[in-house]
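Undergrad: Make a model of this:
(chains A, B, C and D)
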There are 2 protein chains.
Amino acid sequence: MINPIWLRSFCTLVELGHFTRTAERLHMTQSGVSQHVRKLEEQLDTQLLVREGKQFSLTDAGQTLYQQGGGILQALQQLQQAVRQDPPFAGVVRVTSPGSMGLKLYADLLDLQQQHPQLVLDYRFTSNSGVEQAIAQLDSDIGLMTRQPTLSEVHSHKVGQESLLLVTPVQSPSLTWASLTQLGFIDHPDGAHHASLLLGANYPEFEYSEPLSTRGFSNQISQILEPVSRGLGFTVLPAYAVDAFTRPELIKVHALSVPVSEPIYLCYRRKSALPQRVLSVIDVIKTLL
Amino acid sequence: MINPIWLRSFCTLVELGHFTRTAERLHMTQSGVSQHVRKLEEQLDTQLLVREGKQFSLTDAGQTLYQQGGGILQALQQLQQAVRQDPPFAGVVRVTSPGSMGLKLYADLLDLQQQHPQLVLDYRFTSNSGVEQAIAQLDSDIGLMTRQPTLSEVHSHKVGQESLLLVTPVQSPSLTWASLTQLGFIDHPDGAHHASLLLGANYPEFEYSEPLSTRGFSNQISQILEPVSRGLGFTVLPAYAVDAFTRPELIKVHALSVPVSEPIYLCYRRKSALPQRVLSVIDVIKTLL
DNA sequence: GTTTATCATCACAAAATGTAATCAATTTTT
DNA sequence: AAAAATTGATTACATTTTGTGATGATAAAC
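TA: Residues are numbered from 1 along each chain as shown, chains lettered A, B, ... in the order given. Got it, this is the predicted structure:
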């Protein structure tokens, strides 16, 4: 009986044309891929690949095996999906998002997890491109991004938006450009980007002035407002991150005359049939954003 | 990924409704079958069988898995057939037949093997029902029988016949019924059957007389003519067995007035796609009989 | 010509698989 | 009813398979 694990390695290899990349895709070592192919060839007593230096081409047998085998593998997967019991609120769901909206989502999803003790949430914070990668590599079930993904494997649609807000200490001076530059900027991973969006739209001076003087930086999204609350500077943050700050009385949030917001895209892997628990969480996320 | 070995155990179990018989069919132990099913259920986190004492029925999931899974297994098998290199004269071919025609065939097939050094013949002698069983249980690729098989898995068609011959010592007396009974019978596994066929058709006395007095027995087909050649008795043998005797000058073969012969049926497993080497040997056998 | 990237091979640790022995239960025989 | 025989589940263990890391060889890139 053909070993479907070996077959999968072979089919992936044919698609990628590259042992090392196949290994990465399948979360195994290059040595493993090499051996899988060799064992397939041994078992079938048939050469599948014609090795040409570091390239290879397919023999007729290899061609057949790839075409037919791919279909069978899919059928096996689908069968597993069809038969496996698939409860809507049990099992692991892996969510990845940038920090800002994560602060809100994570709390809300923990509520959900408390309602469904069988549900296990694996929530990871990372950059937009990290989200995209995680989805494409099957490392995450659901992703949230503030831009559309570029990889073709990743499906996305807009599910909401988050306003960018100017945040200053409570006892802040006026909101003139001069006072802001004097107060100084508290930076964070998306700080420059957010600042240019919001400030550029509201302060004509922004475009021509010096870069903002940075008075601090944190990549821990929940910590960014701490220096602001102590009067050390101002920042520009998505609303969800502001909402999550524990001492709102120490900061002041300003509605500027030209509101700016970033879209939020919900992403998951195209084609791969999603288990019920992932669909459930997607539904919940949509109601939250 | 669903393990196709486990799946095969499960599908066979569903068909046979019986763990122990499934184990026999698949050449494994009952314990193994039991574990395969359990592991499938564990992996899919789904009950497949509802155990009812020693019986069982299928859950919905089990039903689906059986139906879809069976198809996938077949597809896998066929793919393997299609891809596996399948030389016409290399590999093991297992032939099973009763002794008589085996004596001729085995020699001829050894000739074939000498012409094709890659070919390996596994020739086993057994009874008609043994042949049938061996085919049905996939223990043999080709079988030869002198009656039609009864098992539905076994396909057969007539490829020839072998004459039954009366064999006496060279210096035998007349062929009257009286002299034969006085000479005595050398028996072998099919002896009684063959004798009744041939003698019953040629000696009206046969039906009413005492059972033949037996002067010897051998289940080694090539040895049966030894006691005959020494004058110890006569026997009735298929022609192929007589032809194989090394000292033909010591025996006398008699053409009786009513010739009797047994049909020869060539058998192989229905449906299972035969590898090229088996087809080759089948062709050769047909030319030999 | 040197460096880097890529694939094959090998030795070994970890994991899986299959079996025999045993147990528990059900069915059949006496 | 009791005894015997079947049948499937479970367990312990030996064997086999599998995947990895290390190493080496060869092709591509610089």
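Undergrad: can you map out the strands along chain A?
TA: A:49-52, A:55-58, A:91-97, A:119-125, A:142-145, A:154-169, A:185-187, A:214-217, A:235-238, A:251-254, A:261-269 (DSSP state E).
Undergrad: Tell me which of the ones you listed is the most buried.
TA: Comparing the strands of chain A on average neighbours per residue, with mean count of other CB atoms under 10 Å in any protein chain shown, the densest one is strand A:235-238 at a mean of 28. Just so you know, the C-beta spots here come from the backbone N, C-alpha and C atoms, and that holds for glycine as well.
Undergrad: returning to what we had before: what would the strands of chain A look like in a markdown table with distance to DNA strand D and mean pLDDT?
TA: Shown next, in a markdown table, are those (distance: least, CB to the nearest atom of the strand, whole Å; pLDDT from 0 to 100):
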| stretch | distance to DNA strand D | mean pLDDT |
| --- | --- | --- |
| strand A:49-52 | 7 | 90 |
| strand A:55-58 | 6 | 91 |
| strand A:91-97 | 20 | 92 |
| strand A:119-125 | 21 | 91 |
| strand A:142-145 | 25 | 95 |
| strand A:154-169 | 25 | 93 |
| strand A:185-187 | 35 | 94 |
| strand A:214-217 | 35 | 91 |
| strand A:235-238 | 39 | 93 |
| strand A:251-254 | 47 | 94 |
| strand A:261-269 | 22 | 94 |
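Undergrad: Distance to residue B:34 added to those strands, as a markdown table?
TA: Compiled in a markdown table, the strands of chain A are given as follows (distance: least, CB to CB, whole Å):
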| stretch | distance to residue B:34 |
| --- | --- |
| strand A:49-52 | 40 |
| strand A:55-58 | 41 |
| strand A:91-97 | 27 |
| strand A:119-125 | 31 |
| strand A:142-145 | 39 |
| strand A:154-169 | 43 |
| strand A:185-187 | 63 |
| strand A:214-217 | 62 |
| strand A:235-238 | 57 |
| strand A:251-254 | 65 |
| strand A:261-269 | 37 |
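Undergrad: so who does the closest residue to DNA strand D within the stretch 151-289 of chain A touch?
TA: Residue nearest to DNA strand D within the stretch 151-289 of chain A (CB to the nearest atom of the strand): residue A:272, separated by 20.5 Å. With CB atoms under 8 Å, 6 or more residues apart in numbering or on different chains as the criterion, the residues that contact residue A:272 are residue A:138.
Undergrad: still on that earlier bit, in CSV, list the strands of chain A along with distance to DNA strand C.
TA: Converted to CSV, the strands of chain A look like this (distance: least, CB to the nearest atom of the strand, whole Å):
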stretch, distance to DNA strand C
strand A:49-52, 5
strand A:55-58, 7
strand A:91-97, 18
strand A:119-125, 21
strand A:142-145, 27
strand A:154-169, 23
strand A:185-187, 33
strand A:214-217, 31
strand A:235-238, 37
strand A:251-254, 47
strand A:261-269, 24
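Undergrad: would you list every one of the helices in chain A?
TA: Ranges of helices in chain A, per DSSP state H, are A:4-16, A:19-25, A:30-44, A:60-83, A:99-115, A:128-136, A:177-183, A:191-202, A:225-229, A:239-243, A:276-288.
Undergrad: Is it possible to get the ones you listed out as TSV so that each row also shows mean neighbour count?
TA: Listed next are the helices of chain A as TSV, based on neighbours: other CB atoms under 10 Å in any protein chain shown:
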stretch	mean neighbour count
helix A:4-16	21
helix A:19-25	18
helix A:30-44	17
helix A:60-83	18
helix A:99-115	18
helix A:128-136	21
helix A:177-183	16
helix A:191-202	18
helix A:225-229	22
helix A:239-243	21
helix A:276-288	17
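Undergrad: and residue B:234, which of the ones you listed is closest to it?
TA: In terms of CB to CB, the element of the helices of chain A nearest to residue B:234 is helix A:30-44, at 55.0 Å.
Undergrad: Check which helices and strands the closest one sits against.
TA: Helix A:30-44 sits against helix A:4-16, helix A:19-25, helix A:60-83, with contacts defined as 3 or more CB pairs under 8 Å, 6 or more residues apart in numbering or on different chains; DSSP states H and E.
Undergrad: Can you name the residues of chain A that neighbour chain B?
TA: A:1-2, A:4-5, A:8, A:44-46, A:61, A:64-65, A:68-69, A:71-72, A:75-77, A:79-80, A:82-85 (CB under 8 Å from any CB of the partner chain).
Undergrad: follow-up on the earlier one: quick one: closest of the strands of chain A to residue A:132.
TA: That would be strand A:154-169 among the strands of chain A, by CB to CB, at 5.8 Å.
Undergrad: Report the distance from that closest one to the chain centre.
TA: Offset of strand A:154-169 from its chain centre (CA atoms, centre = their mean, to the nearest Å): 14 Å.
Undergrad: next one: stretch A:48-64
TA: The mean C-alpha position of stretch A:48-64 is separated from the chain mean by 36 Å, CA atoms, centre = their mean.
Undergrad: Regarding it, how distant is the last residue from the first?
TA: In terms of CA to CA, to the nearest Å, the two terminal residues of stretch A:48-64 are separated by 9 Å.
Undergrad: now swap in stretch A:268-285 and tell me
TA: Span of stretch A:268-285 from end to end, CA to CA: 13 Å.
Undergrad: quick one: residue A:265 and residue A:144 touch, right?
TA: Yes. Using CB atoms under 8 Å, residue A:265 is in contact with residue A:144, at 7.0 Å.
Undergrad: Before I go, just wanted to say thanks for your time.
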